[in-house]
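# no sequence on hand, only this structure:
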């Protein structure tokens, strides 16, 4: 039965993250972006503490499928401690990865556990689940730019 | 003796999904099309295509005759008192919006009440919510009983002398219940309100008699009743239609246009501005002919055991929660459920790997999801062409998903 193909999508790292979410908390007094996936009702709220152009802390809350929750959890690990510019690069690379673009070994390495989500590209109906948190983080960084008066 | 296996009439059922036989259990979203409907569309475009109600030539007359014959057919299908009470739209959604934008805008005023049920699909909810906002009317909800049926005691409380309009689904696209529309209509009419019925989930499964139901408006979509997409129907009582100003203006809906004024055509042409979906109407006609050939007795004889098999099978899997009534007598061919804490999308992706196609999500009924205190559910829905093998494949795949995720 091809139900065994599920292993390609739900790899151990994903299942482990979904079972023990990292940085799943609400931070007080920190900007947040909430995004919805209208096709399933999933909601992800992402928060980033940015100081001196570095993401000091990343957190999320929400309600969604294994892929969206695990992806959000892994994302907080990947972005936390990163300079904003590097975080942006990682978000952009994640977006490429998830839509089937091959990344350089260095770019793939920088994505850490998020690199395993590359297999989501083979499940087109689930791409939106994987990208929801990353879109929220991207919007937060853009809002940060606007606040800081940056234009690039 | 009548045949009781119609699978061969639906060519898509022989295809494969992810290397497995297609097990199509999303009939509540859309039904598959029999060869007769596919052939009718091809035949129309191959031999009969012309614009309707315009040409004096033979081909145009052929197209017009076929188009108008379907109006008679739909009127008979719904047991309407007269053919003029039926007109064609894009979909059930389009039909319901039309009622909100004509009857609603003309007759609902500030302080009036619009009553809907918590189980409504967004298509029979958002138009009323928006109308209530436009008119400063109050939108009220009829709740459910503990086993997921419409709460008639609550209906009696919610429908009052201030109520102008009651909107109700004939059958729920989540809970699997068929609502007592005639009783609701009686309550509405006693208060001088009209009743608008969303028949999208009912027409493929139960015979509809708009006069017995005493529905003032009744909407359905062609694609859920084995016809093409993009074609819908609205039935309205003639005495009500006579009072309504058209929502759209243009070709075909006029009898005379002067520099500053227009005299409208008679009903129903008045409400069908522009070139209609002629092929869609002809396809719908073929679908209704096909369905009536099968007959609702056979439809129910085939669907009820499958619903029973679904409900029984699900009840035997630990961790499954079924929403809506558990008793077969109260349950139509739509079964919504969750598997422990596992998200419906994870369940549906797992089933998809086994070729089992079900819906996962909020089913365009977010207020109902809130009412049930879930964000989403999985939904399996059968049609008369499904068989017990389909349901077995679904249950086996669900068990495999459960084992994979250790839930």
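Ah, there it is. Bear in mind that the values here come from a model prediction, so they are computed numbers and not experimental data. Numbering: from 1, shown residues only, chains lettered A, B, ... in the order given.

# any idea how many residues pack against the residue in the stretch 201-350 of chain B that chain A sits nearest to?
In the stretch 201-350 of chain B, the residue found nearest to chain A is residue B:343; the distance is 3.6 Å by C-beta to the nearest C-beta. For every residue, glycine as well, the C-beta is placed using N, CA and C. When neighbours are counted by other C-beta atoms under 10 Å in any protein chain shown, residue B:343 registers 26.

# pretty sure it is touching residue A:62, no?
No. Checked against C-beta atoms under 8 Å, the pair residue B:343 and residue A:62 is beyond contact range at 11.4 Å.

# next, the contact list for the residue of the stretch 201-350 of chain B closest to chain A, please.
By C-beta atoms under 8 Å, 6 or more residues apart in numbering or on different chains, the residues touching residue B:343 are A:42, A:64-66, B:376.

# secondary structure class for residue A:57?
Following DSSP: H, G, I helix; E, B strand; the rest coil, we place residue A:57 in the strand state.

# between all of the contacts of residue B:343, which two are separated the most?
A:66 and B:376 (13.0 Å; C-beta to C-beta).

# okay, those two: which has more neighbours?
residue B:376 (27 against 22).

# what secondary structure does residue B:332 sit in?
Residue B:332 - assigned by three-state DSSP - is coil.

# wait, doesn't it sit right on residue B:307?
Yes. Residue B:332 lies in contact with residue B:307 (C-beta under 8 Å); the separation is 7.0 Å.

# return every residue with contacts to both of those two.
In contact with both residue B:332 and residue B:307: residue B:176, using C-beta under 8 Å, 6+ apart.

# compare these two (neighbour count), which wins?
Legend: neighbour count by other C-beta under 10 Å for residue B:332 and residue B:307, higher for residue B:332 (26 against 22).

# with adjacent residues omitted, what lies nearest to the more buried one?
residue B:176 (4.7 Å; C-beta to C-beta, 6 or more residues apart in numbering or on different chains).

# pull the contacting residues for the one you found.
Contacts of residue B:176 (C-beta under 8 Å, 6+ apart): B:307, B:324-325, B:330-336.

# redo those as CSV? Include pLDDT.
CSV is the format used below for those (pLDDT from 0 to 100):
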residue, pLDDT
B:307, 97
B:324, 94
B:325, 92
B:330, 86
B:331, 91
B:332, 93
B:333, 97
B:334, 97
B:335, 98
B:336, 98
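
# strands of chain A, residue ranges please.
A:32-37, A:42-51, A:54-63 (DSSP state E).

# wait, residue A:87 touches residue A:138, no?
No. Between residue A:87 and residue A:138 there is no contact under C-beta under 8 Å: 9.1 Å.

# more neighbours: those two, which one.
Shown here are residue A:87 and residue A:138; by other C-beta under 10 Å, residue A:87 has more neighbours (25 against 19).

# how near is the more buried one to residue B:73?
The gap separating residue A:87 from residue B:73 is 62 Å, by C-beta to C-beta, to the nearest Å.

# with residue A:100 instead?
48 Å.

# over to residue B:8?
Distance from residue B:8 to residue B:73, by C-beta to C-beta: 24 Å.

# which one of the two has more residues nearby?
Using other C-beta under 10 Å as the criterion, residue B:8 and residue B:73 rank with residue B:73 on top: 19 against 12.

# next helix or strand past the host helix or strand of the more buried one?
Per DSSP states H and E: residue B:73 is located in helix B:58-78. Sequence order places strand B:86-89 as the next helix or strand after helix B:58-78, per DSSP H and E.

# for that following strand, packing partners?
Packed against strand B:86-89 by the contact rule (3 or more C-beta pairs under 8 Å, 6 or more residues apart in numbering or on different chains; DSSP states H and E) you find helix B:58-78, strand B:232-236.

# tell me which residue in chain A sits closest to chain B.
residue A:65 (3.6 Å).

# show me which residues of the helix with the most length in chain A are buried.
Secondary structure of chain A per DSSP state H: the longest helix is helix A:127-148. Across helix A:127-148, burial judged by 16 or more other C-beta atoms under 10 Å in any protein chain shown covers A:127-138, A:140-141, A:144.
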